[in-house]
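# Model the structure of this input:
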Amino acid sequence: MALVASASQFSAVAHVLGLTAAILVIVWVVHYGGGADLNSDNTDLIFNVHPLVMTLGFILVIGEAIMAYNTVPSRKTVQKSIHMLLHLLALGLGVLGIYAAFKFHNESQIPNMYTLHSWLGICTICLFGLQWIFGFFSFWFPGAPPMTRTMLVPLHATAGLAIFLMAICTAETGLMEKGGGGPGAETRLINFAGLMILLFGLFVSLSTALPRIMS
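Numbering: from 1, shown residues only. Take a look at the predicted model:
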């Protein structure tokens, strides 16, 4: 048997990395941030909704949606349905996460859209929304002609992966902004969370370039 890695093997590693990143972010938000509450009078709790939702509900869900297209053991139509619905869920949660960031800034009287993180974030969510609309109308309803769909698949997949990697970059810049207030346990936790997110993005990307079954 040839020692050739499959998409399923890389996606299995990605699942572990994603779960680890999620746990680290939850610990950060709950233990160091005091929790998350979009309707709290404490603006810090409002902000905490942002990293929680954007990591667990945007980046991880997008990664799972990308991997589902190649690794879900089912018919292609089922894979496509899961792929589309997970991306729709990620879009909704991404909008919620951005709303939380704007609400935190407005209630804390902090200017909006002045950091690289915020610029990347807005560009990413806008491109992601356009990508989803493009995919829905091209591949679902009303759907482009078969020959056109075949031509669009590589473009759609490449653009989707690029947007996903933009989301990873956005998360990394956001974690750098928060830091931990200097050397210490919180900073190490944030650094490890950022590392897990980066590795998750790497393994998701690798899984898209490999065959589904070992040869």
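# where does residue 11 land on pLDDT?
As predicted, residue 11 sits at a pLDDT of 89.
# Equivalent analysis for residue 73, please.
Residue 73 carries a pLDDT value of 71.
# can you check residue 68 too?
86.
# wait, it sits on residue 81?
No: with contact defined as Cβ atoms under 8 Å, residue 68 does not reach residue 81; the gap is 9.4 Å. Just so you know, the C-beta spots here come from the backbone N, C-alpha and C atoms, and that holds for glycine as well.
# center of the protein - which residue?
Nearest to the mean C-alpha position of the chain, by Cα atoms, centre = their mean, lies residue 59 at 1.2 Å.
# Now that one: closest residue in space that isn't a chain neighbour?
The shortest distance from residue 59 to any non-neighbouring residue, by Cβ to Cβ, 6 or more residues apart in numbering, is to residue 167 (5.3 Å).
# Return the distance of the lowest-mean-pLDDT helix or strand in the chain from the chain's centre.
Lowest mean confidence among the helices and strands of the chain (mean pLDDT, DSSP states H and E): helix 60-71, at a mean of 89. Relative to its chain's centre, helix 60-71 lies at 10 Å (Cα atoms, centre = their mean, to the nearest Å).
# what's downstream of that helix, the next helix or strand?
Later in the chain than helix 60-71, the nearest helix or strand by DSSP states H and E is helix 76-107.
# quick one: low-confidence parts of the chain?
Along the chain, the parts satisfying pLDDT under 70 run over 1-5, 180-181, 211-215.
# try 90 this time
1-11, 68-81, 139-150, 177-184, 207-215 (pLDDT under 90).
# My guess is residue 71 contacts residue 207. True?
Yes: at 6.9 Å, residue 71 counts as touching residue 207 under the criterion of Cβ under 8 Å.
# of residue 68 and residue 81, who's got more company?
residue 68 (21 against 15; other Cβ atoms under 10 Å).
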